[in-house]
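Undergrad: structural data only, the sequence is not supplied:
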Ligand SMILES: [Mg+2]
């Protein structure tokens, strides 16, 4: 087989409500670049990439000169073509490589008649459990519904998601409000679900001392871990010395150099593997193997996904033996998807690993057209800006918290 074409399409898919986070907001929608890689025997493999609210079409078009004419099975060759560790200092293509690896694995699975997980070692589980991933949210700009700002709203949202999807693990995400307020929210969620597991992720905005204070305050709760309370391996190590809660990261261990450093002088207990941040599903499987050897925990991270990337997370979750925690997904915050059959279903808090050849999903081309038009209409959005606080940006450590008593609804462009 040879690659004959690479076709990127940028889509905008609406969210149920805008998701607030430590660095800004997802402005009521995800912008994702869908990548179709076609071979000379007519197989089309699917990849997907985010990009902070922007299109990556131009980058993928530029990759044609590297990959057209090459064998999609030569994935290590592709790694060095696109991401040579010194060459890529000039143009970091880790996430680009990831999207193209997804597509090539999808091609190989279709050509060989096996699901991607069978190429990666074979499934150990048929379903992957997920956490509820609770965000603070602005109201939906069209309906006015869906705000999560107060403690009561946060608990109600958690109850609704648990009832709808069956989650028994809850991840509280923000870092936008003062840590003392978010601690109250976390404790309220813990009190509502005494049998469920918990995790909190403020995206590294706290000082080391705040992180220690927060970590000590949640000791005794049913914590999976405390995720990126502060920034940097050294800050995490200092925090870890002072609290009795495992630490997790998707921020300071996102590559093999950092993984090695963390093993030589441990700062983090659980590595959250992201099929995009690490440069593909195979890189995550390799990292999981290193973690298994050194008995470092792993889980599956979400950087915002549509069904294609979700499929990569499911195939990853299926094959790593040391997946001891529920995976993260933004997926249940989406209002729709671009794959055949619409949004994949959660049952009992888990999603079935696809069984069809390749990634096991197909594009719904009507939906792709619809949401490509929506991207053209609305354009990109700045992931690291908050529509409710024009001109604001956070520091690390942060001291510019949002006001949880401010109920102002910002104007956000949205679908008609
Ligand atoms: Mg995180």
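TA: Arrived safely, thanks for sending. Keep in mind that what you see is a predicted model, and the values were worked out from it rather than measured.

Undergrad: right, and residue 34 touches residue 48 too?
TA: Yes - with contacts counted by C-beta atoms under 8 Å, residue 34 reaches residue 48, the gap being 5.8 Å. Just so you know, the C-beta spots here come from the backbone N, C-alpha and C atoms, and that holds for glycine as well.

Undergrad: tell me the SS of residue 198?
TA: Put simply, residue 198 is strand when judged by DSSP: H, G, I helix; E, B strand; the rest coil.

Undergrad: what residues does it make contact with?
TA: 169, 170, 171, 172, 186, 189, 190, 218, 221, 222, 223, 224 (C-beta atoms under 8 Å, 6 or more residues apart in numbering).

Undergrad: give the buried subset of the residues you listed as a ChimeraX selection command.
TA: To isolate the buried ones among those in ChimeraX, judged by 16 or more other C-beta atoms under 10 Å, type:
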select :169,170,171,172,186,189,190,218,221,223,224
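
Undergrad: which of the contacts of residue 198 sits closest to the ion?
TA: Closest approach to the ion among the contacts of residue 198 (C-beta to the ion): residue 171, at 8.5 Å.

Undergrad: which secondary structure elements does the helix or strand where the closest one lies contact?
TA: Per DSSP states H and E: residue 171 is located in strand 169-173. Helices and strands touching strand 169-173, by 3 or more C-beta pairs under 8 Å, 6 or more residues apart in numbering; DSSP states H and E, are strand 134-137, helix 151-165, helix 179-192, strand 197-201.

Undergrad: which strands and helices lie in contact with the longest one?
TA: By that I understand helix 151-165. The contact analysis (3+ C-beta pairs under 8 Å, 6+ apart) places helix 151-165 against strand 134-137, strand 169-173, helix 179-192.

Undergrad: what average pLDDT does the last one get?
TA: So the one you mean is helix 179-192. Helix 179-192 carries an average pLDDT of 98.

Undergrad: so what touches stretch 81-95?
TA: 49-51, 56, 59, 63, 66-67, 70, 96-97, 100, 255, 276-279.

Undergrad: please narrow those residues to those residing in strands.
TA: Mapping the contacts of stretch 81-95 onto strands (DSSP state E) picks out residue 49.

Undergrad: can you turn the buried subset of the contacts of stretch 81-95 into a selection I can paste into PyMOL?
TA: Here is the PyMOL command that picks out the buried ones among the contacts of stretch 81-95, judged by 16+ other C-beta under 10 Å:
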select buried, resi 49+50+51+56+59+63+67+96+97+100+276+277+278+279
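
Undergrad: got the residues of the chain near the ion?
TA: 201, 227, 250 (C-beta under 5 Å from the ion).

Undergrad: the first one pairs with what?
TA: Spelled out, that is residue 201. In this entry, residue 201 is beta-bridged to residue 173, by DSSP bridges.

Undergrad: from residue 27, how far out is residue 134?
TA: Between residue 134 and residue 27 the distance is 19 Å, computed by C-beta to C-beta, to the nearest Å.

Undergrad: oh sorry, the question was meant for residue 55
TA: To residue 27, residue 55 is 15 Å away according to C-beta to C-beta.

Undergrad: looking at the two, which one has more neighbours?
TA: residue 27 (26 against 20; other C-beta atoms under 10 Å).

Undergrad: which residue is the nearest non-sequential neighbour of the more buried one?
TA: residue 381 (4.1 Å; C-beta to C-beta, 6 or more residues apart in numbering).

Undergrad: using the three-state scheme, assign that neighbour.
TA: Following three-state DSSP, we place residue 381 in the coil state.

Undergrad: ok, it - contacts?
TA: Contacts of residue 381 by C-beta under 8 Å, 6+ apart are 26, 27, 29, 31, 53.

Undergrad: cross those against strands and list the overlap.
TA: Among these, DSSP E puts 26, 29, 31 in strands.

Undergrad: residue 380 is in contact with the last one, correct?
TA: Yes - here residue 31 lies in contact with residue 380, judged by C-beta under 8 Å, at a distance of 5.9 Å.

Undergrad: do you know the pLDDT at the residue nearest to residue 165 when sequence neighbours are not counted?
TA: Leaving aside its sequence neighbours, residue 165 sits nearest to residue 346 (C-beta to C-beta, 6+ apart; 3.8 Å). With respect to pLDDT, residue 346 scores 98.

Undergrad: how many neighbouring residues does residue 346 have?
TA: Residue 346 has 21 neighbouring residues, counting by other C-beta under 10 Å.

Undergrad: distance of it from residue 122?
TA: On the measure of C-beta to C-beta, residue 346 and residue 122 end up 24 Å apart.

Undergrad: show me where the stretch 1-150 of the chain has its strands.
TA: For the stretch 1-150 of the chain, strands defined by DSSP state E, counting those that start in this stretch occupy the ranges 3-14, 19-21, 24-26, 29-39, 44-49, 127-129, 134-137.

Undergrad: ok, and what's touching the third one?
TA: Residues from elsewhere that reach strand 24-26, judged by C-beta under 8 Å, 6+ apart: 15, 18-19, 53, 138, 304, 381-388.

Undergrad: of those residues - the most surrounded one?
TA: residue 18 (28 neighbours).

Undergrad: and the end-to-end length of stretch 187-203?
TA: Length of stretch 187-203, first residue to last, C-alpha to C-alpha, to the nearest Å: 18 Å.

Undergrad: for that stretch, buried residues please.
TA: For stretch 187-203, the buried set under the neighbour-count rule, 16+ other C-beta under 10 Å, comprises 189, 190, 193, 196, 197, 198, 199, 200, 201, 202, 203.

Undergrad: save those residues as CSV, and put in distance to residue 403 too.
TA: Formatted as CSV, the buried residues of stretch 187-203 follow (distance: C-beta to C-beta, whole Å):
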residue, distance to residue 403
189, 21
190, 24
193, 27
196, 29
197, 30
198, 25
199, 25
200, 20
201, 21
202, 17
203, 19
